[in-house]
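**Student:** with the input below, show me the fold.
(2 chains)
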Amino acid sequence: MWLRQWKRYIRKKSRIIGSLGQPLLFLFALGFGLSPIFEAAGGGDYIQFLTPGVIAMTVLFTAVFTGMEIIWDKQFGFMKETLVAPVTRFEIMMGKTLGGATVSTIQGLLIFLVTFIAGFRPESYAMLPLAFLFLVLIAFMFSAIGTVIAARLDDMQAFPLIINFVIQPLFFLSGALFPLDNIPNVLRFVTNMNPLTYGVEGLRFALNGQSFFSPLTSIFVLVGVTIAVLLTGIYQFSKIEI
Amino acid sequence: MIKVENVTKKYGDFKAVDDISFEVKTGEVFAFLGPNGAGKTTTIKMLTTLIKPTKGKVFLDGHDVAENPSQTRKSFGIVFQDPSLDNELTAHENMYFHAVLFGLSKEESKDRINKLLELVELTEKKDQYVKFFSGGMKRRLEIARGLLHKPKVLFLDEPTLGLDPQTRKHIWDYIRNLNKEEKVTVFFTTHHMDEVEKMAEKVAVIDNGKIVFIGTLDEVKQKTGMQNLEDAFISLTGHEIREEEGNVGKFQMQVNRKLMG
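**Tutor:** Have a look, this model is predicted:
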């Protein structure tokens, strides 16, 4: 299951390039466009600030999309082939989730390389393993979320809906684009509820050395949410009937 | 080999399958017939652990299908009504994926894959992507895949749907050979009565979720007093075209009724 996801990923070279496009657009347009204002406001280097957010975004999108490939599998009948195999539903779900997580982690690393070329420098190279840990956590969490959403849906029509009402809000209402200090209370409440916020903050801590939440809180929330999602997934998958 | 006891499957108030019982012996070729929407696919899904019966029990190779799905799944292979291959993988990779899922060892899967690809004459195409395959090639690959783990029962849900006569003949020749040489029990559905006449030893006819006939080919002709199976089938299930789910079917029915006066 995992291997299949990986093979499919490698084969879609155009998709790899394509999915790098959006984060880069954000990085360059917002990064260079807003950085004078950001600096004038005393926020420091905006590119430096934005990079962890953009990396998290890449991972978010790739992870949810690959998780949701299950819908395609259902539509093209391949799902049935896996469901009549003597493996448990749990194994199928984990395979899917792991596959998605791996693919999106790699994607995140690619973006990191690109930002590095664009001039981003991490605060300390010793912290890179921690950054990688956060990358993996984010990837795993959203891959699981994608898988769980897909287990419920039967066709691709719901896909734009998911993008507009789940993925986009998750991204814009996290700390990816703006610093979390001094934001209005309503927004603060929403961002605090958003699991991606903790992923971004964790990455930011690892890469920039500063963050709004402590990295321990972030790890705790990420792991907790992932476990909760996986448990939901196990329940959902045990009920799948075609 | 297969034993179905008083099985019912309800969707809400609708009984897709209504209290059916039958038995298929080891090594038998069993045709499961019925008009569209009669409950054929639902029954196959229950036999193959994809859905659970609302009531009743299904045994396959001695395993209780609902209680012991993993064991059951090792005993059968299936070719679904609609394609279930991964188009983004090659023929060989599709086979290999199946081997991994069924827990075959490396050497064993290598052997089996080569042998089966040979059998369905796809050896030369094994590294091509499935998306470039024709309908017949896909079917052949699916049959090969269904046989990979040496199942005792092979389920075929309209395996020749949309194929040309040459391919159909080819596929049935393989299946007959398999049944003879490896003693695989074959359970299939189809709308082509000539296939049933050539292949099946026993026939069951299902209509509106109920089994209306079960027996040998001769018995069905005797019972209905018809010369050929097609007429026998129609005399058992009536002339009316079946309403399928959705309004398109309903509309068609109305048109048909009007045309027939």
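**Student:** spatially, which residue comes closest to the most centrally placed residue in chain A, not counting chain neighbours?
**Tutor:** In chain A, the residue lying closest to the centroid (Cα atoms, centre = their mean) is A:Leu60, at 1.9 Å. Distances taken as Cβ to Cβ, 6 or more residues apart in numbering or on different chains place A:Phe142 nearest to A:Leu60, at 5.3 Å, with adjacent residues excluded. Bear in mind the C-beta positions are built from the backbone N, C-alpha and C, glycine included.
**Student:** and A:Pro215, by the same measure?
**Tutor:** A:Phe205 is the one closest to A:Pro215 (Cβ to Cβ, 6+ apart), at 4.6 Å.
**Student:** the helix or strand containing the one you found: what's the following helix or strand?
**Tutor:** Assigned by DSSP states H and E, A:Phe205 belongs to helix A:195-208. Using DSSP H and E, the next helix or strand after helix A:195-208 towards the C-terminus is helix A:215-238.
**Student:** so who does B:Tyr96 touch?
**Tutor:** B:109, B:113 (Cβ atoms under 8 Å, 6 or more residues apart in numbering or on different chains).
**Student:** before we move on, the earlier item: count of neighbours near the residue nearest to A:Pro215?
**Tutor:** Look at A:Phe205: counted by other Cβ atoms under 10 Å in any protein chain shown, it has 23 neighbours.
**Student:** in stretch A:66-79, which residues are buried?
**Tutor:** A:66-74, A:76-79 (16 or more other Cβ atoms under 10 Å in any protein chain shown).
**Student:** that stretch: how far from the chain's middle?
**Tutor:** Centre-to-centre, stretch A:66-79 and its host chain are 20 Å apart (Cα atoms, centre = their mean, to the nearest Å).
**Student:** ok, it near chain B or not?
**Tutor:** Yes - applying Cβ under 8 Å from any Cβ of the partner chain, one finds stretch A:66-79 touching chain B at A:76-79.
**Student:** in terms of secondary structure, what does the helix holding A:Phe205 contact?
**Tutor:** helix A:46-67, helix A:128-152, helix A:168-172, helix A:215-238 (3 or more Cβ pairs under 8 Å, 6 or more residues apart in numbering or on different chains; DSSP states H and E).
**Student:** same thing but at 6 Å, please
**Tutor:** For helix A:195-208, the elements it packs on are helix A:46-67, helix A:128-152, helix A:215-238, judged by 3 or more Cβ pairs under 6 Å, 6 or more residues apart in numbering or on different chains; DSSP states H and E.
**Student:** what's the closest of these to B:Asn6?
**Tutor:** Nearest to B:Asn6, of all the helices and strands packed on helix A:195-208, is helix A:215-238, at 25.3 Å by Cβ to Cβ.
**Student:** which of the residues in the closest one are buried?
**Tutor:** Buried, per 16+ other Cβ under 10 Å, within helix A:215-238: A:215, A:218-219, A:221-222, A:225-226, A:229-230, A:232-233, A:236-237.
**Student:** and stretch B:213-222, by the same measure?
**Tutor:** Buried-residue list, stretch B:213-222, by 16+ other Cβ under 10 Å: B:213-214, B:217, B:220-221.
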